[in-house]
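quick one, what's the 3D model for this:
(one chain, ligands or ions: 1)
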Amino acid sequence: MDIKQIIGEIVAGKQEVGGIKQVYYVACGGSYGAFYPAKTFLEKEARDIKVGLYNSNEFVHNTPKAFGENSVLVVASHKGNTPETVKAAEIGKKAGVPVIALTWITDSPITEHADYVVKYTFGEGKDIAGEKTIKALLTAVEALNQTEGYEHYNQFLDGVAKIDHIVKNACKHVAKRALSFAKNHKDDNVIYTMASGAGYGAAYMESICIFMEMQWINSSSIHSGEFFHGPFEITDAEIPFVIQISEGSTRPLDERALKFLNRYAKRVEVLDAKDLGLSTIDNSVVDYFNHSLFNNVYPVYNQALAVEREHPLTTRRYMWKVEY
Ligand SMILES: N[C@@H]1[C@@H](O)[C@H](O)[C@@H](COP(=O)(O)O)O[C@@H]1O
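The predicted structure is shown next:
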């Protein structure tokens, strides 16, 4: 069953109780970040459907009161065995809420508590349009289109058709820059990321999953709008930033932050969605594709950084090794 059909079945099943009123996205780490575009999509485009994005353990211990007969739960776990995400799915299943599980391993523990299991593309040469982020976005787009209606549905599907080509070109485009970034940052013990809008999740993932988890470099993902309300005080010629300049409605926030950095900082890596070719996607939907672009351009940098630092991206000291 594809996502359109899954949502169709859920919508039909809820007809007598008043339809879908809330969609909850629940996951951890990289899987949590991948839900960011779906969350921002429903927040902005839906009039009646409410959306929640939760870390799994927060959802388990702080389950929203509205979670019930009008809800849909979408969980994601790459390996399908993160205990708190499995628990969240179990809570959904027990409550009779339809559970959609996005996972790479389709016979993993999480699938025992899922009504629908969706596999996504992953790894070298993957189709970007089939990734977890786009699958999650499609659950949001279909939920909206099949209830309230979504006027830019066709433009959105056109964006999905274009994203793979855009991302693959962008990765080639940054290859050289990524090598010099790696050389210039190999001894840094802090690198900040900055972003806004639907693409913010990519900056969050780069900070927590790559710089902190996989490279043991201090980091924080700063929201471009929040930059001026605290974080900008740490700006100087030495502190490195990677800033995403998004395409779409929150671009002015990123440009404002970049203008400041250009004046007071010296070590700024600019990833501009316009330069990277995202503008061929229609303006009405382009916001929601920033994440797929940035999140897939970062790995070019990450591979180069790992080589230069002689710190493989697979190295961990605690994750999956000790009890936590
Ligand atoms: N960096 C990893 C992520 O890549 C992973 O997504 C997450 C949860 O794992 P899973 O998606 O398997 O539940 O753990 C860490 O944060």
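
helices along the stretch 51-200 of the chain, start to end?
56-61, 83-94, 132-145, 153-185, 200-205 (DSSP state H, counting those that start in this stretch).

any idea how far Asn55 lies from Val118?
The spacing between Asn55 and Val118, counted by C-beta to C-beta, to the nearest Å, is 21 Å. Placement of C-beta: from N, CA and C, glycine included.

quick one, which of these two is more surrounded?
Per other C-beta atoms under 10 Å, whichever of Asn55 and Val118 has more neighbours is Val118, with 21 against 17.

for beta bridges, what are the partners of that one?
Val118 has the following beta-bridge partners by DSSP bridges: Leu102.

what parts of the stretch 151-300 of the chain come near the ligand?
Where the stretch 151-300 of the chain comes near the ligand, counting by C-beta under 6 Å from any ligand atom, the residues are 209, 213.

will you turn the helices of the stretch 51-200 of the chain into JSON lines that also has mean neighbour count and mean pLDDT?
Listed next are the helices of the stretch 51-200 of the chain as JSON lines, based on neighbours: other C-beta atoms under 10 Å; pLDDT from 0 to 100:
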{"stretch": "helix 56-61", "mean neighbour count": "18", "mean pLDDT": "98"}
{"stretch": "helix 83-94", "mean neighbour count": "21", "mean pLDDT": "98"}
{"stretch": "helix 132-145", "mean neighbour count": "25", "mean pLDDT": "98"}
{"stretch": "helix 153-185", "mean neighbour count": "17", "mean pLDDT": "98"}
{"stretch": "helix 200-205", "mean neighbour count": "27", "mean pLDDT": "98"}
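
can I get the ones you listed in CSV with distance to Lys321?
What follows is the helices of the stretch 51-200 of the chain, written out as CSV (distance: least, C-beta to C-beta, whole Å):
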stretch, distance to Lys321
helix 56-61, 19
helix 83-94, 15
helix 132-145, 25
helix 153-185, 26
helix 200-205, 21
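
closest one to Ile100 among the ones you listed?
Using C-beta to C-beta as the measure, helix 132-145 is the one of these that comes nearest Ile100, at 6.2 Å.

list, one by one, the residues from the stretch 1-150 of the chain near the ligand.
Counting by C-beta under 6 Å from any ligand atom, the stretch 1-150 of the chain comes close to the ligand at 28-31, 77-79, 82, 85.

thanks a lot, see you next time.
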